[in-house]
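**Student:** no FASTA, just this:
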Ligand code: UFG
């Protein structure tokens with residue numbers, strides 16, 4: 001067994017897929033999650049895939065004492081992947097302090113505890129949201145960050161700065177900051193996937209819930225943008241590909257391969273797809289007709305963004321190359337499994 005890794009938010013969407021890939025690579029995983037947006041049975045579902053049950057503690061990362069108790073209980077944690085965060089853009093506008101407390105305090109607590117428990121590095125979940133609407137596409141890591149559109153986005157920017165300031169102050173840690181584009185899909189086994197509470201805000205879960213009949217039709221937010229078909233463009237990345245990048249980041253920290261104490265990588269495919277193109281790809285991948293209508297623009301939407309992932313390709317030795325139809329088929333298989341299991 002390789003080193004012990006702490007995964008915060010490890011029962012969530014990206015977290016659970018990452019735990020699977022870490023275990024498949026031989027790492028010993030400890031999950032902490034407050035279960036505010038996920039269920040404890042995800043731990044069993046991970047075990048069904050890998051044959052190994054990860055250790056699990058229901059801990060809120062803003063609770064310093066509980067967090068410290070976890071480091072004390074699980075001796076020898078070598079690195080952390082920090083997913084645990086509130087992530088609903090709209091809710092963050094309504095309840096900014098919830099976002100500032102959850103997302104900022106959690107990271108501060110981890111950074112304070114790391115040196116005391118000899119944790120070498122932290123991989124941080126950031127987002128392409130830090131670029132706002134980039135002036136140049138595809139966007140590289142050198143692009144300037146822009147004023148955040150929401151408190152949620154602001155927490156990602158502030159957290160990146162907190163990490164840089166902490167490392168610059170001489171803290172004996174290193175950090176890999178991963179800026180995700182739009183993660184979608186589910187594990188090919190359909191044992192784990194995305195399980196949004198209530199009405200989904202993101203495109204893919206709304207789309208698959210519409211396809212299965214839970215929602216009447218998908219609203220396409222705007223077809224009058226400055227894009228070839230008028231709908232917004234994003235870089236949709238398969239969650240399993242994304243999960244594998246985290247393993248590469250952990251390898252990099254633990255094998256002392258980092259060139260700088262803080263490294264930043266864009267995680268995307270390098271290809272942009274419009275909302276209407278994605279609908280077409282979904283229909284082609286599944287043979288299911290998707291009812292949709294064009295409605296007005298959604299406030300705050302970025303018009304078009306896709307990654308230049310060259311740095312991740314070259315330096316991290318990683319690329320996202322699962323074909324989009326396979327990705328969409330995995331999301332559909334997951335939605336069908338939720339129906340079969342009577343969950344949705
Ligand atoms: N969309 C629809 N109909 C829907 C939902 C979404 O047309 O019902 C469109 C959006 O307008 C957008 C695209 O689908 O053009 C993708 O929307 P998502 O909400 O799935 O994703 P976003 O790109 O808006 O948001 C993502 C992450 C956020 C992050 C943001 C940064 O989910 O966490 O990128 O831009 F902050």
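**Tutor:** That came through, no problem. For clarity, every value in this text was computed on a predicted model and none was experimentally measured. Numbering: from 1, shown residues only.

**Student:** got the contact list for residue 329?
**Tutor:** 285, 286 (C-beta atoms under 8 Å, 6 or more residues apart in numbering). Backbone N, C-alpha and C define where each C-beta goes, glycine included.

**Student:** show the pLDDT at it.
**Tutor:** Among the per-residue scores, residue 329 shows a pLDDT of 98.

**Student:** can you check residue 2 too?
**Tutor:** 90.

**Student:** what of the one 10 residues further on?
**Tutor:** Reading off the per-residue confidence, residue 12 sits at a pLDDT of 98.

**Student:** can you check the one 5 residues further on too?
**Tutor:** According to the predicted model, the pLDDT of residue 17 comes to 99.

**Student:** number of residues surrounding it?
**Tutor:** Applying other C-beta atoms under 10 Å, we find 28 other residues in the vicinity of residue 17.

**Student:** host element of it?
**Tutor:** Using DSSP states H and E, residue 17 sits within helix 13-24.

**Student:** which strands and helices sit next to the helix or strand immediately after that helix in the chain?
**Tutor:** Under the assignment DSSP H and E, the closest C-terminal helix or strand after helix 13-24 is strand 28-33. The elements that strand 28-33 packs onto, with contact taken as 3 or more C-beta pairs under 8 Å, 6 or more residues apart in numbering; DSSP states H and E, are strand 4-8, helix 13-24, strand 55-58, helix 64-73.

**Student:** okay, buried residues for the second one please.
**Tutor:** This points to helix 13-24. Within helix 13-24, the residues scored as buried using 16 or more other C-beta atoms under 10 Å are 13, 14, 15, 16, 17, 18, 19, 20, 21, 22, 23.

**Student:** how about a markdown table for these, with distance to residue 217 added?
**Tutor:** Formatted as a markdown table, the entries for these read as follows, by distance: C-beta to C-beta, whole Å:
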| residue | distance to residue 217 |
| --- | --- |
| 13 | 24 |
| 14 | 28 |
| 15 | 31 |
| 16 | 30 |
| 17 | 29 |
| 18 | 33 |
| 19 | 35 |
| 20 | 34 |
| 21 | 35 |
| 22 | 39 |
| 23 | 39 |
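
**Student:** these two touch, right, residue 88 and residue 201?
**Tutor:** Yes - between residue 88 and residue 201 there is a contact at 6.2 Å, judged by C-beta atoms under 8 Å.

**Student:** okay, the two: which has more neighbours?
**Tutor:** A count of neighbours by other C-beta under 10 Å puts residue 88 above the other of residue 88 and residue 201, at 19 against 14.

**Student:** what sits against that one?
**Tutor:** The neighbours of residue 88, taking C-beta under 8 Å, 6+ apart as the test, are 152, 201.

**Student:** do the same with the one 3 residues further on
**Tutor:** The contact partners of residue 91, by C-beta under 8 Å, 6+ apart, come to 98, 99, 152.

**Student:** for residue 40, give its distance to residue 343.
**Tutor:** As judged by C-beta to C-beta, to the nearest Å, residue 40 and residue 343 stand 14 Å apart.

**Student:** neighbour count for these two, which is higher?
**Tutor:** Remark: of residue 40 and residue 343, residue 40 carries more neighbours, 12 against 9, as counted by other C-beta under 10 Å.

**Student:** report the secondary structure element holding that one.
**Tutor:** Counting by DSSP H and E, residue 40 is held by no secondary-structure element, helix or strand.

**Student:** thought it was touching residue 58?
**Tutor:** Yes - judged on C-beta under 8 Å, residue 40 makes contact with residue 58 at a distance of 7.3 Å.

**Student:** how distant is the helix or strand of the chain with the lowest mean pLDDT from the center of its chain?
**Tutor:** Least confident element among the helices and strands of the chain, by mean pLDDT, DSSP states H and E: helix 89-94 (a mean of 94). Using C-alpha atoms, centre = their mean, to the nearest Å, we find the averaged C-alpha position of helix 89-94 to lie 18 Å away from the chain's own average C-alpha position.

**Student:** residue boundaries of the helices in the stretch 151-300 of the chain?
**Tutor:** Across the stretch 151-300 of the chain, reading from the start of the chain, the helices by DSSP state H, counting those that start in this stretch fall at 151-168, 203-211, 239-254, 275-286.

**Student:** nearest to the ligand, of those helices?
**Tutor:** The stretch from the helices of the stretch 151-300 of the chain with the least distance to the ligand (C-beta to the nearest ligand atom) is helix 203-211; that distance is 3.6 Å.

**Student:** what does this protein have sitting close to the ligand?
**Tutor:** If contact is defined as C-beta under 6 Å from any ligand atom, the residues of the chain in contact with the ligand are 87, 89, 127-129, 152-153, 182, 201-203, 206, 218-221, 232, 234, 275, 298, 301-302.

**Student:** weed out the non-buried ones from those.
**Tutor:** When the residues of the chain next to the ligand are checked for burial by 16+ other C-beta under 10 Å, the buried set is 87, 89, 127-129, 152-153, 182, 202-203, 206, 218-221, 232, 234, 275, 302.
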